[in-house]
Every structure is written in structure tokens, then in C-alpha cells.
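**Q** I'd like to go over a predicted model; first the sequence, then the structure.
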Amino acid sequence: NALDKIVPVIMLPIVTRLITDSADYGKFEMFNTIVSFGSSFAILGVYDAMFREYFEREDIEYKNIVTSTAARIVFISSTIFSCVLIVGARLIAELFLGSQQNWHIAVMAAIGVFLAANKTIISAPTRMKNLRKVYVFSGLSYSLLYYLISIVLIREGFNYYGLIIGNISASVYLVLFFYILNRKDFIFSLFNKKIAKELLKFGIPIVPCFVIYWAFNSMDRIMIAHMLNLHEVGIYSIGAKVASISTFIYAAFAGGWQYFAFSTMRDKDQVIMTSKIFEYLSVLSFVALSFSMFIVPYVFDFFFSGDYIKGIVVFPYLFLSPLILMLFQTAGNQLLVVKKAYLSTGCLFIGLCCNLILNYFFIPIYGIKGAAMATLLGFIVSVFVVLIVTINMKLLIITKKLIAFLAVAVGSI
């Protein structure tokens with residue numbers, strides 16, 4: 001799954017040389033922000049609920065009922081939500097981009113929401129069956145097609161519209177690819193009301209959790225757009241994109257974590273095993289940050305020019321943030337296993353409140369660097385709170401050795 005992240009990073013210097021105005025790149029980032037916001041709602045938490053229910057039984061017919069029921073729910077919800085976005089396009093543009101003149105971006109984002117939500121569900125059987133080679137091919141082919149179309153259109157004068165059209169076109173390809181591949185897993189006549197109720201009962205309570213994830217990753221851009229301008233959004237986004245090299249680690253983890261976590265949830269040593277994973281990932285996160293800090297200045301100087309170079313100031317904070325999120329998900333998943341998802345949502349919400357408050361005070365003082373600092377500190381607060389909850393529930397064990405390492409690592413940084 002991490003290979004899917006390589007192409008966007010490689011293509012970033014090329015895109016920034018073709019789109020020289022950082023405000024235009026900022027508009028494209030706000031398109032992505034709206035899509036991620038809409039899909040968080042449209043999926044209704046059914047993706048995670050489907051994962052949880054899929055491994056409830058070994059019966060193939062039952063598994064097909066689960067996937068088919070989930071697909072129908074998300075198709076209906078994504079259609080409704082996309083229509084709402086189109087109707088309220090001017091209001092959405094005002095909220096996200098600070099101007100109703102960009103309403104057309106909101107309309108295109110509505111199409112992106114529909115595709116993103118359904119792509120997530122239709123591709124799920126590939127993950128649940130752990131078909132790694134297929135997932136590698138689909139991810140790489142998606143990225144290559146996306147940037148091929150985008151670069152051709154940008155050179156033809158479409159500017160940031162080229163990136164948006166490329167995104168939508170590649171998403172259509174991926175929906176068709178996974179539908180053809182997994183069509184046997186989706187038999188719509190197998191819709192089951194009882195399972196639908198169970199999926200929604202599990203999924204809806206964690207929708208706020210995904211909205212909070214979105215807010216962590218996107219509210220900084222919205223607040224920068226309103227408190228500063230779209231130029232700063234573009235610069236911030238480039239810094240965030242370079243920092244996303246840490247998602248090589250996060251994506252490799254997240255892509256396999258749900259399959260692993262739910263397929264081993266009944267193991268006798270599950271708590272000890274998860275605690276060890278948390279410990280190893282903690283060490284890996286801080287070692288990766290220490291190494292990256294030595295090379296990133298050379299990366300920005302060599303690959304970028306103009307205002308985009310200023311994005312380096314957000315790098316260390318946004319590099320570490322996905323890795324801290326990885327730690328949160330490792331500990332928080334224990335609450336999903338015992339079907340107490342609301343506790344995980346509450347822990348994340350506390351961190352989000354911290355993030356938004358710090359954004360409000362830090363952005364006017366430190367600019368885009370303040371937004372990055374607020375994001376990292378918000379995630380750290382969430383991890384601290386979820387550790388308190390899971391340790392008290394005896395769902396996680398933290399050793400003195402790990403506490404000592406984290407104290408030294410944080411102090412050194």
C-alpha cells in the first residue's frame with residue numbers, strides 16, 4: 001500500500017513547476033478537502049463495520065451478504081450526499097474556499113465524493129482477502145493514470161482544473177477496476193435488513209471519528225484560507241505533501257492493520273501482541289523523524305523553487321503527525337474490538353478541540369508553521385488520552401522501557 005504513495009511524491013516537483021501560482025494549487029487542495037469531508041459522511045462508518053462483521057463468521061454466503069448489504073447502503077448514502085453538495089455548492093465554496101465564485105469546484109468535488117465513497121466499499125474485498133499484488137497494481141496504475149491525464153491537461157492550459165479532472169478520471173477507472181475484480185462479492189439481491197441494521201449500529205457511532213480525522217487533516221487548511229489566504233494554503237499543502245513521505249510507513253501499517261487486527265481479535269495473547277506492536281511503532285516513528293530531518297533541507301532546495309520552498313517550516317510537525325495517528329489507531333482499535341467505538345471517538349475529539357484552539361492562536365502568530373504545530377500537538381493529546389482509557393480497561397500494556405524511550409525521544413526533539 002505504501003507503493004501507492006510513491007508516485008505523488010515523485011510527481012510533486014513537476015506539478016509545482018507547471019502550476020507556479022501557489023494559490024491555484026491551494027484551490028486544488030481545497031477540492032481534495034471537500035472530497036475527503038463528503039466521503040467521511042457518505043460512507044457512514046460502514047467500511048469499518050463491514051470489516052468487523054466480515055470476520056464474524058467463516059461462511060462464504062454470509063460474507064457475501066455483508067459486502068452486498070454494505071455496498072447498497074453506501075451507494076444510496078453517497079448519491080444523496082453528493083446531490084446535497086451540488087445544491088449547496090455556493091455555500092460550500094464560501095465555507096471552504098472563502099468565496100462563492102469557486103462554486104464549480106464544489107460541484108466537481110460532489111462527483112469526487114460519490115466516486116471515493118463507492119470505490120472504498122468496492123475495493124474492500126481485495127483488502128479483506130489480503131490480495132497484496134492486486135492492491136499494488138491498482139494503486140500504482142491509479143496514480144500513473146491520474147498524473148498522466150493531469151499533466152497533459154495542465155500543459156493544454158487547464159491549470160488546476162487539470163488536476164481535478166485527472167483525479168475524477170482516475171477514480172472512475174478504479175471503481176470499474178475493482179467492480180470487475182470483486183463483482184462476485186457483491187450480489188445486490190442478498191441485501192439483508194438485519195445485517196444492514198447491525199452495520200449501521202456499528203458504523204454510525206464511528207462516523208464522528210472519521211469526521212474528526214478529516215478535521216485534523218483539513219481544518220488547518222480552511223483556517224489558513226480564512227485567516228491568511230489561498231497562497232499560504234498552497235505553500236502549506238506542498239510542505240504537507242513532502243512530509244507525507246511518512247505515510248509510506250503509515251499506509252503500509254493502515255493497509256494491513258484492519259485485516260490483522262480483526263482476524264486476530266479472538267487470540268488469547270491479543271492484548272500482549274497489540275501492546276508490543278504499539279511499542280515497536282513508537283520507536284519506529286521517532287527514528288524515522290530523526291533520519292528525515294537530516295535530508296529534508298536538501299530535498300526542498302533541489303526540487304522546489306519560489307514560494308513553495310517556504311513549505312519546509314511545516315515538515316517536521318506534519319511528518320510526525322501521521323505516525324502519531326498510527327499509534328492512536330493501534331491503541332484505539334482495542335476499543336473497536338470490544339465494540340466501544342464511542343470511547344475512541346471521544347479520545348480523538350479531545351485532541352481535535354486542542355488542535356482547533358491552538359490553530360486559532362498559533363496561525364496569526366506563527367503562520368502556516370503554527371497550523372502544523374497545532375496538528376501535531378492535537379494528535380499527541382489524543383494518544384495520551386486513549387492510552388489512559390485502554391490501560392485502565394486492561395486492553396493495552398505500556399512498559400517502563402517504552403516510557404523511558406519516549407521521554408528521551410521527545411526531549412531530544
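**A** All right, it came through fine. Residues are numbered from 1 along each chain as shown.
**Q** how about residue 121, what does it touch?
**A** By Cβ atoms under 8 Å, 6 or more residues apart in numbering, the residues touching residue 121 are 43, 46, 47, 50, 67, 70, 71, 74. C-betas here are computed from N, CA, C, even on glycine.
**Q** In those residues, find the pair that's most separated.
**A** 43 and 67 (14.0 Å; Cβ to Cβ).
**Q** Settle it for me: which of those two has more neighbours?
**A** Using other Cβ atoms under 10 Å as the criterion, residue 43 and residue 67 rank with residue 43 on top: 27 against 23.
**Q** now that one, nearest residue through space, not along the chain?
**A** residue 117 (5.2 Å; Cβ to Cβ, 6 or more residues apart in numbering).
**Q** Next, count neighbours for the closest residue to residue 297 other than its chain neighbours.
**A** Using Cβ to Cβ, 6+ apart and skipping residues adjacent in sequence, the residue nearest residue 297 is residue 312, 6.8 Å away. Other residues near residue 312 number 20, with proximity taken as other Cβ under 10 Å.
**Q** from what I can see residue 312 touches residue 296, true?
**A** Yes: look at residue 312 against residue 296 with Cβ atoms under 8 Å: they come within range, at 6.7 Å.
**Q** who touches both of these two?
**A** Common neighbours of residue 312 and residue 296 (Cβ under 8 Å, 6+ apart) are residue 242.
**Q** mind listing what residue 275 touches?
**A** So residue 275 contacts 396, 397, 398, 399 (Cβ under 8 Å, 6+ apart).
**Q** just residue 190 next, same as before
**A** Contacts of residue 190 by Cβ under 8 Å, 6+ apart are 61, 64, 65, 68, 69.
**Q** Restricted to buried residues, select those in ChimeraX.
**A** ChimeraX command restricting the contacts of residue 190 to the buried ones, with burial defined by 16 or more other Cβ atoms under 10 Å:
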select :64,65,68,69
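**Q** now the contacts of residue 190 as TSV including pLDDT, secondary structure and distance to residue 347?
**A** Below are those laid out as TSV (pLDDT from 0 to 100; DSSP: H, G, I helix; E, B strand; the rest coil; distance: Cβ to Cβ, whole Å):
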residue	pLDDT	secondary structure	distance to residue 347
61	80	helix	37
64	84	helix	34
65	86	helix	33
68	88	helix	33
69	90	helix	29
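**Q** Specify which member of the contacts of residue 190 is nearest to residue 8.
**A** For the contacts of residue 190, the closest approach to residue 8 (Cβ to Cβ) belongs to residue 68, at 32.5 Å.
**Q** Return the distance of the closest one relative to residue 186.
**A** Applying Cβ to Cβ, to the nearest Å, the value for residue 68 to residue 186 is 5 Å.
**Q** Equivalent analysis for residue 95, please.
**A** Residue 95 is 35 Å from residue 186, by Cβ to Cβ.
**Q** Those two: which is more packed in?
**A** Between residue 95 and residue 186, residue 186 has the larger neighbour count (other Cβ under 10 Å), namely 20 against 16.
**Q** Check what pLDDT the more buried one gets.
**A** Note on residue 186: pLDDT of 86.
**Q** wait, doesn't residue 236 sit right on residue 311?
**A** Yes: applying Cβ under 8 Å, one finds residue 236 in contact with residue 311, separated by 6.7 Å.
**Q** which residues do the two both contact?
**A** In contact with both residue 236 and residue 311: residue 368, using Cβ under 8 Å, 6+ apart.
**Q** who's more crowded, the two?
**A** A count of neighbours by other Cβ under 10 Å puts residue 236 above the other of residue 236 and residue 311, at 28 against 25.
**Q** follow-up on the earlier one: which ones are touching the residue nearest to residue 297?
**A** Applying Cβ under 8 Å, 6+ apart to residue 312 gives the contacts 239, 242, 296, 297, 300.
**Q** Thought residue 315 was touching the third one, still the case?
**A** Yes: counting by Cβ under 8 Å, residue 296 does reach residue 315; the two are 5.3 Å apart.
**Q** Neighbour count: the two, which is higher?
**A** Using other Cβ under 10 Å as the criterion, residue 296 and residue 315 rank with residue 315 on top: 24 against 18.
**Q** Leaving out the residues flanking it, which one is nearest to the more buried one?
**A** In space, residue 315 is closest to residue 243, 4.9 Å off (Cβ to Cβ, 6+ apart).
**Q** That neighbour contacts residue 319, doesn't it?
**A** Yes: Residue 243 lies in contact with residue 319 (Cβ under 8 Å); the separation is 4.2 Å.
**Q** can you map out the helices along the stretch 101-250 of the chain?
**A** 103-128, 132-153, 160-182, 193-203, 207-227, 230-243, 247-263 (DSSP state H, counting those that start in this stretch).
**Q** Can you list the buried residues in the first one?
**A** Across helix 103-128, burial judged by 16+ other Cβ under 10 Å covers 103, 105-128.
**Q** residue contacts, residue 17?
**A** Here residue 17 is in contact with residue 305 (Cβ under 8 Å, 6+ apart).
**Q** what's the helix or strand for it?
**A** Using DSSP states H and E, residue 17 sits in helix 6-18.
**Q** Low-confidence bits of this protein, can you list those?
**A** 1-5, 250-252, 254-259, 261-266, 413 (pLDDT under 70).
**Q** And the contacts of residue 275, which of them are buried?
**A** For the contacts of residue 275, buried by 16+ other Cβ under 10 Å: 396, 398.
**Q** Just give me the closest of the contacts of residue 275 to residue 15.
**A** Nearest to residue 15 among those, with distances taken as Cβ to Cβ, is residue 396, at 41.2 Å.
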